[in-house]
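K.L.:
structure, please.
(2 chains)
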Amino acid sequence: MTHYHPQSPDLAPDDLARLRFVAEVRNQLHNRLVGGNRAVYDTQLAQPADGGLHGAAAAARREELRRQMEGQPYFQAWSSMLRSSQDLMWRLVDQAVENDLPRLEAQLTDGEAGASSLELDETLETPAYLLSADTHRMPGSYYRQSSDRDLRAGVLYDLGSAIYQFGRGNQGGGLLNDSRGRTTVAHLRRFYPHLDPARILDLGCSVGQNTLPLADAFPRARVDAIDIGAPMLRYALVRARGLGRAIHFSQRNAEATGFDDQSFDLVVSQILLHETSPQATHNILREAWRLLKPGGVSVHLEVPTRFDRLDVFDQFLKSWEQYYNGEPNTAGVAAADLAGDMKTIGFADVKAGFQAILPPGSDDPAVLLAAPPAGGRSLYVVSGMRC
Amino acid sequence: MRMHGPTKYFFDEPAHDRLLAMILSLGAELAATREELLALRSLLAEKGLAASSELAGPSAASQAERDAMRERLVANLLFPLQQECQALVDTARPENPA
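P.N.:
Okay, the predicted model is just below:
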């Protein structure tokens, strides 16, 4: 049996072998086989006007390309495999953790209390953008539960999201899957070296994978982490306890958290915005401003897809997750001017760019690049200070 | 718990989507069996129950060997798609034959 952290589910070797298989299928589809789609476009669908499209015209052309590509045999086969592999991944993850769920549920009440805490709000409404489809096609999504002890969604997400990253060729976070949190810390060390936060808030923390590096980097700070999903947060608590960290989890909506004005020194979101909506994205950036004390800093990490850097075909292809894989706002956030929005809201000295994901333990200084680094994984990072 | 949300069938005949999904499931079982076989061979050789030459396979199933085996298995499974991909790319860039 394999544990990948103290409170992870026990994984049998054959379950792990199946999951590695799925990750390898996805890796080859994403890397070796994706090029056939571009070749179909170049030879059969490209139009001279495609090069100069922006805004609504680009959005309309993306929709047209979607209809055209859906009729192409290569895209059909590639997409069908990719989507099947996603569904297979969740099924295998579910089977791999099933037997261990009672033990993990028991940890909620019987485990060492530790310094972490959990506060749930049964009255919190699930936002509309999560209701239309289960995000990432994870059965049950982040919020559905079968009892008041249910933590299945968190366990599924913890393991499934790590396997998903392996399948994108990103091994940097390992099964702890914390490369985003380490990227945030590297960004803060490089661009806000004097920041010594007393209170930190992680918006949309899921199971806290990327909250933990923040707690490690600022051991004197009180760290709050919020998410919409009760079963995610129950497991986040068990996980943080097992890993010996002090995180205060609560069930809240990042658009309107309910925390007091100017109560935090650092407010972050780490790959949250593309799972919301264009309006929610703006609301979250504004809520971060409201929560910050003067001198406080907000950092938002996103996937490195920026439509202003891509031609219309790549814009279409990078929207695949939104069209077919239950991500509600992939295209919305790729088209959004996050830095411009932060400036309008009032943030000073807004920084934006692509930051390489560094391997664990790396002391290399973070660098913000105008383009994604060739040959390595990166994240799009925007940050600013409330003066 | 069941997945809630729309499912796009990419082929005109949805059975083709389901067939590919079944083949992927089969591939996962094969990958798990192959890994167990490698581990078993390694153990037999380690305990001196059979010489590695008799097992006609790797004498020690290291992680690197398992990774290489899995990569080859997946590449073989996806080979029909790879062939089509290569043909399309060659057509798009005839000056750079593979």
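
K.L.:
with just CA atoms, put stretch A:325-333 into CSV.
P.N.:
Taking C-alpha atoms only, stretch A:325-333 is exported to CSV below (Å, rounded to 0.1, in the frame of the first residue of the first chain):
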residue,chain,number,x,y,z
ASN,A,325,-14.6,19.0,-19.7
GLY,A,326,-16.8,21.0,-17.3
GLU,A,327,-14.6,24.0,-16.7
PRO,A,328,-17.0,27.0,-16.6
ASN,A,329,-14.6,30.0,-17.3
THR,A,330,-11.5,28.8,-19.1
ALA,A,331,-12.1,31.0,-22.2
GLY,A,332,-13.5,33.8,-20.0
VAL,A,333,-10.4,34.2,-17.9
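
K.L.:
is that stretch in proximity to chain B?
P.N.:
Yes - on the criterion C-beta under 8 Å from any C-beta of the partner chain, stretch A:325-333 is in touch with chain B at A:Gly326. In short, each C-beta sits where N, CA and C put it, glycine included.

K.L.:
and stretch A:305-315, by the same measure?
P.N.:
No - Stretch A:305-315 stays clear of chain B (C-beta under 8 Å from any C-beta), getting no nearer than 12.0 Å.

K.L.:
helix, strand, or coil at A:Tyr142?
P.N.:
Per DSSP: H, G, I helix; E, B strand; the rest coil, the secondary structure class of A:Tyr142 is coil.

K.L.:
over to A:Ser383?
P.N.:
The three-state label given to A:Ser383 by three-state DSSP is strand.

K.L.:
now it. Nearest residue, chain neighbours left out?
P.N.:
A:Val299 (4.3 Å; C-beta to C-beta, 6 or more residues apart in numbering or on different chains).

K.L.:
what about the one you found, how many neighbours?
P.N.:
Here the number of neighbours of A:Val299 (other C-beta atoms under 10 Å in any protein chain shown) works out to 23.

K.L.:
swap in A:Gln95?
P.N.:
For A:Gln95, the count of nearby residues is 12 (other C-beta under 10 Å).

K.L.:
and it, how close does it get to chain B?
P.N.:
Distance, A:Gln95 to chain B, using C-beta to the nearest C-beta, to the nearest Å: 11 Å.

K.L.:
A helix includes that residue, no?
P.N.:
Yes - counting by three-state DSSP, A:Gln95 is found in a helix.

K.L.:
picking up where we left off before, please, which helix or strand holds the residue nearest to A:Ser383?
P.N.:
strand A:292-302 (DSSP states H and E).

K.L.:
which outside residues touch the following helix or strand past that strand?
P.N.:
Per DSSP H and E, strand A:292-302 leads on to helix A:312-317 as the next helix or strand towards the C-terminus. If you take C-beta atoms under 8 Å, 6 or more residues apart in numbering or on different chains as the criterion, helix A:312-317 is touched by A:34, A:37-38, A:41, A:45-46, A:50, A:53, A:58, A:61-62, A:65-66, A:69, A:307, A:331, A:334.

K.L.:
quick check: the residue nearest to A:Ser383 touching A:Leu272?
P.N.:
No - counting by C-beta atoms under 8 Å, A:Val299 does not reach A:Leu272; the two are 11.6 Å apart.

K.L.:
okay, the residue nearest to A:Ser383: pLDDT?
P.N.:
Note for A:Val299: predicted pLDDT of 98.

K.L.:
so which elements touch the strand holding A:Val299?
P.N.:
helix A:179-191, strand A:264-270, helix A:278-291, helix A:338-345, strand A:378-385 (3 or more C-beta pairs under 8 Å, 6 or more residues apart in numbering or on different chains; DSSP states H and E).

K.L.:
between strand A:292-302 and the fourth one, find me the angle.
P.N.:
Between helix A:338-345 and strand A:292-302, the angle formed by their directions is 160 degrees, by axes from the mean of the first three to the mean of the last three C-alpha atoms, to 10 degrees.

K.L.:
try the shortest one
P.N.:
Between the axis of strand A:264-270 and that of strand A:292-302 there is an angle of 10 degrees, by the same axes, to 10 degrees.

K.L.:
need the pLDDT of the residue of chain B found nearest chain A.
P.N.:
Minimum separation of chain B from chain A (C-beta to the nearest C-beta) falls at B:Gly5, amounting to 2.8 Å. Looking at B:Gly5, its pLDDT stands at 90.

K.L.:
hang on, isn't it packed against A:Asp134?
P.N.:
Yes - counting by C-beta under 8 Å, B:Gly5 does reach A:Asp134; the two are 5.1 Å apart.
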